[in-house]
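Q: Take a look and give me a structure for this.
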Amino acid sequence: MDRLDTIKAALRTALADQALTPVQAVLLILEGELGAMTAQLASHEDPSQGRAMIRRFGDLIRATPALRAYQADVMDQAATAATEVLAVRAGLTAADPEPQIAAKALLGLWRVQADSLRRYLDVAPTPTRLYELVSADVRRAARLLDTGLRTFAAPGSRRQPPG
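A: Okay, here's the model as predicted:
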């Protein structure tokens with residue numbers, strides 16, 4: 001919740017890297033976040049305490065309208081940052097629909113990761129296995145996006161303005 005500047009900076013840097021597809025760029029960010037969280041979970045003497053802390057945090061956000069609103073605002077600001085970078089990358093403007101939908105779709109992978117984390121948090125036997133299960137779900141979703149976004153920044157895909 002307090003990482004807006006970090007997320008925006010990571011998105012700007014990763015999405016601007018022409019060596020990566022937009023999906024690959026976001027996967028690198030998400031894998032880093034998931035890796036840090038599961039490493040922190042593994043460092044707890046009592047893993048059940050770490051799992052309970054993660055669960056309580058998620059429950060608190062879902063149960064608190066102000067926190068949900070703040071989380072939505074954070075994601076909107078991240079989407080704006082991603083839209084700007086994707087537009088430049090594709091030779092479009094941030095007002096064009098393609099970078100807008102691409103950014104929103106890519107940011108949807110954060111939701112997939114959060115939902116998958118909640119799904120596997122209490123059933124994965126180890127933090128390593130939790131990482132594997134969550135990462136597999138995110139990659140499945142990313143494959144679907146990659147299929148649709150593959151042509152996003154392809155040469156010749158730039159739309160000509162009307163008139």
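Q: what's the helix or strand where residue 109 lies packed up against?
A: Per DSSP states H and E: residue 109 is located in helix 97-120. When contacts are defined as 3 or more C-beta pairs under 8 Å, 6 or more residues apart in numbering; DSSP states H and E, helix 97-120 sits against helix 22-43, helix 47-63, helix 65-90, helix 127-149. C-beta: built from backbone N, CA, C; applies to glycine.
Q: same for the shortest one, what does it pack against?
A: Contacting helix 47-63 under the criterion 3+ C-beta pairs under 8 Å, 6+ apart are the following elements: helix 22-43, helix 65-90, helix 97-120.
Q: so which of those gets nearest residue 52?
A: Proximity to residue 52, assessed across the helices and strands packed on helix 47-63 by C-beta to C-beta, is greatest for helix 22-43 (10.7 Å).
Q: Quick one: neighbours of residue 59, just the number.
A: Per other C-beta atoms under 10 Å, the neighbour tally for residue 59 reads 11.
Q: what separates it from residue 53, distance-wise?
A: Distance of residue 59 to residue 53, given as C-beta to C-beta, to the nearest Å: 11 Å.
Q: Can you give me every residue that contacts residue 35?
A: Shown in contact with residue 35 (C-beta atoms under 8 Å, 6 or more residues apart in numbering): residue 131.
Q: Over to the one 4 residues further on?
A: Shown in contact with residue 39 (C-beta under 8 Å, 6+ apart): residue 127.
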